[in-house]
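A.B. asks: next come a sequence and a model predicted from it.
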Amino acid sequence: MAGVDTDALQRWLRAFAASVAAEKDALTGLDAAIGDADHGANMDRGMAAVVAFLDATPPADPAALFKQTGMTLVKSVGGASGPLYGTLFLRMAPATGGAAALEPDVFAKALRAGLDGVVARGKAEPGDKTMVDALAPALDALDAALAAGESLAAALRAAADAAERGRDETTPMLARKGRASYLGERSIGHQDPGATSAALLVAAAASAVADQEAA
Amino acid sequence: MAGVDTDALQRWLRAFAASVAAEKDALTGLDAAIGDADHGANMDRGMAAVVAFLDATPPADPAALFKQTGMTLVKSVGGASGPLYGTLFLRMAPATGGAAALEPDVFAKALRAGLDGVVARGKAEPGDKTMVDALAPALDALDAALAAGESLAAALRAAADAAERGRDETTPMLARKGRASYLGERSIGHQDPGATSAALLVAAAASAVADQEAA
Amino acid sequence: MKKLLNDPADLVAESLRGVERAHPELRIDHENRILYRADAPVSGKVGLLSGGGSGHEPAHAGFIGPGMLDAVCAGEVFTSPVPDQMAEATKNIDGGAGVLHLVWNYTGDVMNFDMAAELAAAETDTEVQAVVMNDDVAVEDSLFTAGRRGTGAAIAVEKIVGAAADQGRSLSELADLARRVNDSSRSMGMALTSCTVPAKGTPTFDLPEDEIEIGIGIHGEPGRRRVPLTSAHEIAQMLVDPILADRDFTGGEGVFVFVNGMGATPQLELYLMYNEVAALLDKAGIVPVRSLVGPYVTSLDMAGCLVSITRLDDDMLRLWDAPVATAGLRWGM
Amino acid sequence: MKKLLNDPADLVAESLRGVERAHPELRIDHENRILYRADAPVSGKVGLLSGGGSGHEPAHAGFIGPGMLDAVCAGEVFTSPVPDQMAEATKNIDGGAGVLHLVWNYTGDVMNFDMAAELAAAETDTEVQAVVMNDDVAVEDSLFTAGRRGTGAAIAVEKIVGAAADQGRSLSELADLARRVNDSSRSMGMALTSCTVPAKGTPTFDLPEDEIEIGIGIHGEPGRRRVPLTSAHEIAQMLVDPILADRDFTGGEGVFVFVNGMGATPQLELYLMYNEVAALLDKAGIVPVRSLVGPYVTSLDMAGCLVSITRLDDDMLRLWDAPVATAGLRWGM
Ligand SMILES: Nc1ncnc2c1ncn2[C@@H]1O[C@H](COP(=O)(O)OP(=O)(O)O)[C@@H](O)[C@H]1O
Ligand SMILES: Nc1ncnc2c1ncn2[C@@H]1O[C@H](COP(=O)(O)OP(=O)(O)O)[C@@H](O)[C@H]1O
Ligand SMILES: [Mg+2]
Ligand SMILES: [Mg+2]
Ligand SMILES: [Mg+2]
Ligand SMILES: [Mg+2]
C-alpha cells in the first residue's frame, strides 16, 4: 500500500464519529457511574463538529487534517476529554513531516506523539484508570506488530484488540486521575468512559485502514 | 338528667381530641386531595392544646370551658379551621347564660350560636362544601329531635347521624369556599376535610352525653 | 420523605433559630414566632406587617428590613399564623403612624388577620389597615369562591409599599398604593411535581412523569387542570395568555416581570422560562423594565414556576428602584 | 425527566438569552458564550475571569459585576468551557493591569484554562495569572488524585478578590489574596437525591429513599460514601467534623459560614441546617461573623447541601463587606 492518505484518515475520523454517536448513551452511562454523565454528549458534540469541518473544508494533507481535528475538538468539547483528545490530534500534525500519505511507521510515530501529548497535558500514568490505559497498550501493540513486519492493517487490528483489553482492564482499577478519582474505592468495578471512547478510536483506525487496503 | 355539666363537656372535648388524633392522617389525606395537606395536623395541634389546658386548669363552668377552648383553638391552630372552630366555641360561651349545667335546649342554642359564628366568620352557605355542611344539618336534626321530645342523648345521636350524612354529601359538591374552591370542577368527588372533622365533633358530643346519661 | 430535618414537628422552630443565627439584623420572638427588623418600631414610619404559613421561604422572613417589611408572623408549614401573633407584632411595630397588614388572600390568612385587627383595636389604639393581595388569575370564578390567591404580586406590593413607607407616607396613602400595585399585578403558576409536607411525609398529590399541573397556588395544592408535559415554550404560553387576557399591561413605565421558582427548579431553567415569557410580552407590545428570576415565593420542594407581571407607573418604578436591605431582596444599601 | 426546557441541546443557549433579557447590566457574547459586565474592560483594574460548566446557577454568571467578576465563560451542562472562550474573554477584560483566572479545580477546567493562558500568551501581551480553588475536604487522598474539588470557597474567593480588584490592587497581590482565601476555606457536601442531566434524561445515580450520599461534588457525581438517611443534626456533624479536622478555624476575625443548597432543597431546611452547623462551630470555639444560606453553587435539581467555612482575617472581612452588585450577591450598591 501507499501509506495512509487523507482519505483514509477522513474515513477513520468519520468511523470514529459514527461509533461515538452510536455509543453516546453508553459512554454517558459509564460516566454517570463514576463521573458526571456527559462523556457521550461531549465526544459526540466534538466529533460531529469534526465531521462538519471535514464536509465543509476537506483538509489538504494529513497534517492539516490532524491540526484542524485537534483544534475543533479543543474548541467544541470542553471538559477533560476536549483538551486531551484535542492535544492528541494537535501533536500528531507536526509528526507527519508534511507527507501526503503516512507510511506505517510515520503513522505510528504520529500516534505516539499524540499519546505523549495526552500524558503531558493530563499527567496520567498507566493504571490511573483513564484513556491512557487504552491508548498506551494499543500503541505498544502497534509498534510491536510493525516491528514484527506485519501490515499496518494487521498491526492496527492488534492495536485495537490491545485497546479493548486495556479498556476492560480499567474496570478493577482505582481511579487516580479525572473526576472518577474523587470516588476513591468506589471507582473500582466500573469501566472508564474515556478508555472506552479511546478503544473506539483505535478500532475506527483499524477498520478505516483495512478498508483502504481492501480497496 | 340534670343537663350537660362541665365534666360531660370535658368528656366531649377529650373524645373529640382522641378521634382527631386517631383520624389525623385521614383528615390530612382528605386535605391533600383538595387542599394543602394540613387539616389533620392543624386539628390535632389544636385539640392537643385544648386537652393540655383542660388538664392544667379545669374550667369552672361551661361558659369558661367554651371560652377557653375557643381561645386555645384560635391561638394554636391557624389556617382556616383555627378561626372557624375557635369562633364556634367562643360564641357558645355567652349562650350558656352562666349555667353550671346546660339544659338540652340551652346546649342546642349554644351550638346554634356557635354555628352562626362560623357562618358570620367564614361566609359559607350550605352546599359550599365546608364544615357547615356537616354542622348545619346536625343542628337542624338536634333541634327537631328535641322538639319531638327526644332525650338529649337521642337527639345528639340523630345530630351525629345527620352530620355524617352531611359530610358524605360534600363529596359530589363543587367547593365554593376555602382552598378547595381554587380547584373548581376538580373539587368534585372528594369529601371535605372540615366537614369530616365536624362530623367527628358531633359524634363526640353524642358519645359524651350518652356516657353521662348511662352514668 | 428525604429532607434535612430532625423531628418534622420542630422544623419551623429550628429553622427560625437558624434564621436568627444567620441574620443579626433581625430580632426574633420565638415564643410568638414573630420576626422583626432589629430596630422596630421605626419612629414616625407606618409599620408594615405580613406573614403566612411557613414553606414559602424566602417569603416571608426574607423580606424584612429597611425598604420593605417591619415584621412577619410565621405559621406552621402552609398554615396561616394566628391572631395573637399578628396582634402582638402590630403593637411592636407601631412607630406612631399606624400599621398596615399586607395579607395574602387565603381564607385562613384573611380570617386570622381580621381577628388580629379586632384584637389590636380592642387592646391598643394602634390604627390598623389591611390590604388583601389577590393576583392569581388561575382562580377564574373568583366571585363565587374564596377569591383569587395571593401569590407573586406580594413581592411587588411589599417592595414598593416598603419604599413608600420609608418616605414617610401615611397609612391610608400606603394602603391605597398597596391596592394599586396589587390591582396592577396578575400571576399564574404551574407544577412539574408535587411537594411533600413534612408532617405528612408523602407528596400531596401524585403527578405522573408525563403530566404537569397548570394553575397551581403556593401550598402544594393541585392546579386547575392537568395537561401533558410539554415544552417551556408552550408552558410559557399557558401561563402568560391568561395573565394578558385578564388585564392591560401596555403603557405606563412598562412592567415588572417575575419568574418565580417553586422551590426545586434550577435557575438555569428559570432563565430559560424568562426568555420565553419576555418573548411573549415583546410580541404583545409589553415592555419589561424590571425583572426578578429565582425562588422567592416557594412551595417547599415543588418543581415548577409562577409568572407574575406588574404594570408600573412612574411612582411604582421609582419606589421599586429605591434601596432595600432584606435577606431576600437587596440593593442600594 | 420533568424540566422546563425545549430541546435539551438548546438549554444553555436559551437560558443565556433569558439572562441577557433579565440583566441589561451584563453583555453577552452568545457565539462564544461569554458573559461580561457591560462596562468591561474597566481601565486600570485587574480583570477577573471565572467560569465552568453550566448547571451551577447562580454560579457563575450570577457573580459578574462591580465588586466581583468581570466575565465568566459558560460551558455545556457540567462541562468545562473551552480555551477559545477563555482566551477571548481574557482579551476583552484586560483593562491594562492584567487578568486573573479563578479556576475551579476540575481536570477539565484546569486543562482548558491552562490552554487558554497559553493561547492568550501567544496572541496578546495580556499578563495572565491563574489561581486554582480546591476546598473540598471530601477528597482525602488529594495528592494521588485530581486533587480536591473547587466548591463553596469560590464564593468567598470571588467576592473578596473582586473587592480587592476594585481597590486597584495588582495582579500578583490579587493572586496571592485568592490563594490565601482559598487556603482558609474548606467545604463538604451531601446529597439527598441525584440530579438529572438534561442530555441524559435520567438521574445520574440511583439513591434509595432511605440513603444519602456524603462527600459529593457539584456535578451530580456520587459521594465518598453512602449512609442511611439520618437527622439534620447528624448530617451536620458528618459535614462539619471533616472540615474542622482539616484546618484550624479559630482566631482571626472569625469565620464566614456558607450553607449552600444544591438546587432542590428548600430554604426552610437550609436554615435548619445552618442552625445545626453554627451550633457545632459554637461548641468548637469558632465564631461565625458572616453567613450565606441559599442555593448559590448548585448541581441542577439535586437535593442536599454543602457546608463551606472560611477563616477571615481583617483584610478579608473588610473586603467581604465591601459593596458588590451582581445578580447573585448584592449589597452596598
Ligand atoms: N488527567 C487525565 N489524563 C487522561 N485522561 C483523563 C484525565 N482525566 C480524565 N481523563 C479521561 O477523561 C474521561 C472523562 O471525560 P469527560 O467525561 O468528557 O470529561 P469530564 O470529566 O470533564 O466530565 C475519563 O473517563 C478519563 O478517561
Ligand atoms: N369560609 C369557610 N367557611 C367554613 N368552613 C371553611 C371555610 N373555608 C374553609 N373551611 C373549612 O376548613 C377546612 C380546611 O381547614 P384547614 O385545612 O385546617 O385550613 P386551610 O384551608 O387554611 O389549610 C375545609 O375543609 C373547610 O371545611
Ligand atoms: Mg464527564
Ligand atoms: Mg388545609
Ligand atoms: Mg393550610
Ligand atoms: Mg463534565
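C.D. replies: It's in. Ligands and ions are numbered 1, 2, ... in the order given.
A.B. asks: give me the neighbour count for whichever residue of the stretch 1-150 of chain C sits closest to ligand 2.
C.D. replies: Nearest residue of the stretch 1-150 of chain C to ligand 2: C:Gly108, at 3.3 Å (Cβ to the nearest ligand atom). In short, each C-beta sits where N, CA and C put it, glycine included. Other residues lying near C:Gly108 total 30 when counted by other Cβ atoms under 10 Å in any protein chain shown.
A.B. asks: where's it, which helix or strand?
C.D. replies: helix C:107-123 (DSSP states H and E).
A.B. asks: do that helix and ligand 4 meet at all?
C.D. replies: No: Helix C:107-123 does not reach ligand 4 (Cβ under 5 Å from the ion); its nearest approach is 7.7 Å.
A.B. asks: that helix packs against which elements?
C.D. replies: Packed against helix C:107-123 by the contact rule (3 or more Cβ pairs under 8 Å, 6 or more residues apart in numbering or on different chains; DSSP states H and E) you find helix B:81-92, helix B:104-122, helix C:83-92, strand C:99-104, strand C:128-133.
A.B. asks: residues in contact with the third one?
C.D. replies: So that's helix C:83-92. B:74-75, B:83, C:29, C:32-34, C:36, C:40-41, C:47, C:49, C:51, C:71-73, C:99, C:101, C:112-113, C:115-120, C:123-124, C:126, C:128 (Cβ atoms under 8 Å, 6 or more residues apart in numbering or on different chains).
A.B. asks: how near is A:Val4 to chain C?
C.D. replies: Distance, A:Val4 to chain C, using Cβ to the nearest Cβ, to the nearest Å: 44 Å.
A.B. asks: how about A:Asp128?
C.D. replies: Relative to chain C, and taking Cβ to the nearest Cβ, A:Asp128 is found at 32 Å.
A.B. asks: may I have stretch C:13-21 as PDB, with CA atoms only?
C.D. replies: This file holds the C-alpha atoms of stretch C:13-21, laid out as PDB (Å, rounded to 0.1, in the frame of the first residue of the first chain):
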ATOM      1  CA  ALA C  13     -38.900  26.400  65.200                       C
ATOM      2  CA  GLU C  14     -35.400  25.100  64.400                       C
ATOM      3  CA  SER C  15     -35.400  26.900  61.100                       C
ATOM      4  CA  LEU C  16     -36.200  30.100  62.800                       C
ATOM      5  CA  ARG C  17     -33.200  29.500  65.100                       C
ATOM      6  CA  GLY C  18     -31.100  29.300  62.000                       C
ATOM      7  CA  VAL C  19     -32.600  32.500  60.600                       C
ATOM      8  CA  GLU C  20     -31.700  34.200  63.900                       C
ATOM      9  CA  ARG C  21     -28.100  33.000  63.900                       C
END
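A.B. asks: how about that stretch and chain B, touching?
C.D. replies: No: using Cβ under 8 Å from any Cβ of the partner chain, stretch C:13-21 stays clear of chain B, coming no nearer than 13.0 Å.
A.B. asks: what is the mean pLDDT for that stretch?
C.D. replies: Averaged across stretch C:13-21, the pLDDT comes to 98.
A.B. asks: do stretch C:130-147 as well
C.D. replies: For stretch C:130-147, the mean confidence score works out to 86.
A.B. asks: what does stretch A:113-120 give?
C.D. replies: 98.
A.B. asks: roughly how far is that stretch from the heart of the chain?
C.D. replies: 11 Å (Cα atoms, centre = their mean, to the nearest Å).
A.B. asks: so what touches the helix holding C:Gly108?
C.D. replies: B:74, B:78-84, B:121-122, B:177-179, C:52, C:79-87, C:90-91, C:99, C:101, C:103, C:126, C:128, C:130, C:132, C:146, C:150.
A.B. asks: quick one: list the elements packing against the helix or strand that contains A:Arg167.
C.D. replies: Following DSSP H and E, one finds A:Arg167 within helix A:152-169. Judged by 3+ Cβ pairs under 8 Å, 6+ apart, helix A:152-169 is in contact with helix A:104-122, helix A:132-147, helix A:193-214.
A.B. asks: any idea how far the first one is from the chain center?
C.D. replies: In terms of Cα atoms, centre = their mean, the gap separating the centre of helix A:104-122 from the centre of its chain is 10 Å.
A.B. asks: which residue, other than its chain neighbours, is closest to A:Leu30?
C.D. replies: A:Pro193 (4.0 Å; Cβ to Cβ, 6 or more residues apart in numbering or on different chains).
A.B. asks: ok, now which ones touch the one you found?
C.D. replies: Taking Cβ under 8 Å, 6+ apart, one finds A:Leu27, A:Thr28, A:Leu30, A:Asp31, A:Ile34, A:Gly35, A:His39, A:Gly40 in contact with A:Pro193.
A.B. asks: switch those over to TSV; also include distance to C:Pro203, pLDDT and secondary structure.
C.D. replies: Output for these, formatted as TSV (distance: Cβ to Cβ, whole Å; pLDDT from 0 to 100; DSSP: H, G, I helix; E, B strand; the rest coil):
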residue	distance to C:Pro203	pLDDT	secondary structure
A:Leu27	34	98	helix
A:Thr28	29	96	helix
A:Leu30	32	97	helix
A:Asp31	30	96	helix
A:Ile34	31	94	helix
A:Gly35	31	94	coil
A:His39	33	97	helix
A:Gly40	32	97	helix
